[in-house]
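Trainee: Kindly generate the corresponding structure for this input.
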Amino acid sequence: MNSGSIPAKNIQLRIDEESIIDVLGSDATEENRARWIRSVNANEIRILQNGDFTTCSFGTSQSNDNGFWKYGSEVPIRISYKGWFGYKYSDTQIIKIQDSDSFTGYMWGSNA
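Mentor: Numbering: from 1, shown residues only. Prediction:
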């Protein structure tokens, strides 16, 4: 999500394969890993208006580390983008692998 007050452009996500080896589950075969890294590193979000967001599947997690990711693991990813007035930004963020709409993994049910 672009929470800033102006659009961001040429947004790139970059992952270093060596930095994720320890957080991969059994479904992260060499073919799946290469496909995932290529899809993240080779794509660019041309423009993201302030207040807008975009989503992408980053693989699965399953019990006993049978998914692509080990559940609860943390993945470093480099985010770079250009501001509207020519400024460039780049920083590494940590993404936590968690299957939930809640950052704690728990949430209240609806009061239907």
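Trainee: Please give me every residue in contact with Gln93.
Mentor: 76-79 (CB atoms under 8 Å, 6 or more residues apart in numbering). Backbone N, C-alpha and C define where each C-beta goes, glycine included.
Trainee: so what's it bridging to?
Mentor: On the basis of DSSP bridges, Gln93 is bridged to Ile77.
Trainee: ok, back up a step: most neighbours of all the contacts of Gln93, which one?
Mentor: When neighbours are counted by other CB atoms under 10 Å, Ile77 leads these with 17 neighbours.
Trainee: can you tell me how far that one sits from Trp108?
Mentor: 30 Å (CB to CB, to the nearest Å).
Trainee: now swap in Asp16 and tell me
Mentor: Distance from Asp16 to Trp108, by CB to CB: 38 Å.
Trainee: which helices and strands sit right next to the helix or strand of the chain with the lowest mean pLDDT?
Mentor: Sorted by mean pLDDT, DSSP states H and E, the helices and strands of the chain end with helix 30-42, the least confident at a mean of 88. With contacts taken as 3 or more CB pairs under 8 Å, 6 or more residues apart in numbering; DSSP states H and E, helix 30-42 sits against strand 8-14.
Trainee: So for the strand it packs on, what gets flagged as buried?
Mentor: 8, 11-13 (16 or more other CB atoms under 10 Å).
Trainee: Output the contacting helices and strands for that strand.
Mentor: Against strand 8-14 (3+ CB pairs under 8 Å, 6+ apart) you get helix 30-42, strand 44-48, strand 74-83.
Trainee: residue contacts, Lys96?
Mentor: 72-75, 103.
Trainee: returning to what we had before: can you pick out the residue with more neighbours from Asp16 and Trp108?
Mentor: Per other CB under 10 Å, whichever of Asp16 and Trp108 has more neighbours is Asp16, with 13 against 6.
Trainee: For the protein, give me the ranges with low pLDDT.
Mentor: 100-107, 110-112 (pLDDT under 70).
Trainee: at 90 instead, please
Mentor: 1-8, 16-20, 32-43, 48-67, 72, 83-86, 95-112 (pLDDT under 90).
Trainee: from the contacts of Gln93, which is closest to Asp22?
Mentor: Pro76 (11.4 Å; CB to CB).
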